[in-house]
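Participant: I need the structure of the sequence given here:
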Amino acid sequence: MADFEPEEGVVTGVPLEVFAEGLQARKAARRLVKADEADEERCKHTKMLCEGAFRNMRDSYLADCREQTQRCNRLRDLMDECQMACEA
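Facilitator: Alright, predicted model coming up:
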């Protein structure tokens, strides 16, 4: 066990939840593209996932990425990948 307590205070960097949401949207969009047939409900759900994820990733990028870190660069790349998959 560690002898220290985690520091409380301001959390810096991009939250992992933002990455998880982006990855989920990208996966859903890629799955929809590969599907033989997609019903209207599945298309609407995927579009909703993509729009929400992209909005949250963009907001997080603007708020949390004042300095270019590896995590911020990965978020920028995920935004691009998500946008490409969702527009396909």
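
Participant: what about the spatially most central residue of the chain, distance to residue 57?
Facilitator: Nearest residue to the geometric centre of the chain (C-alpha atoms, centre = their mean): residue 22, 2.0 Å. Distance of residue 22 to residue 57, computed by C-beta to C-beta, to the nearest Å: 5 Å. Bear in mind the C-beta positions are built from the backbone N, C-alpha and C, glycine included.

Participant: what sits in contact with each of the two?
Facilitator: Shared contacts of residue 22 and residue 57 (C-beta atoms under 8 Å, 6 or more residues apart in numbering): 75, 78-79, 82.

Participant: point out where the protein drops to low pLDDT.
Facilitator: Low-confidence segments of the chain (pLDDT under 70): 1-12.

Participant: what about the helices in it?
Facilitator: Per DSSP state H, the chain has helices spanning 16-34, 40-64, 70-87. These are given in chain order.

Participant: next one: the longest one to chain centre, how far?
Facilitator: Going by C-alpha atoms, centre = their mean, to the nearest Å, the spacing between the C-alpha centre of helix 40-64 and its chain's C-alpha centre is 8 Å.
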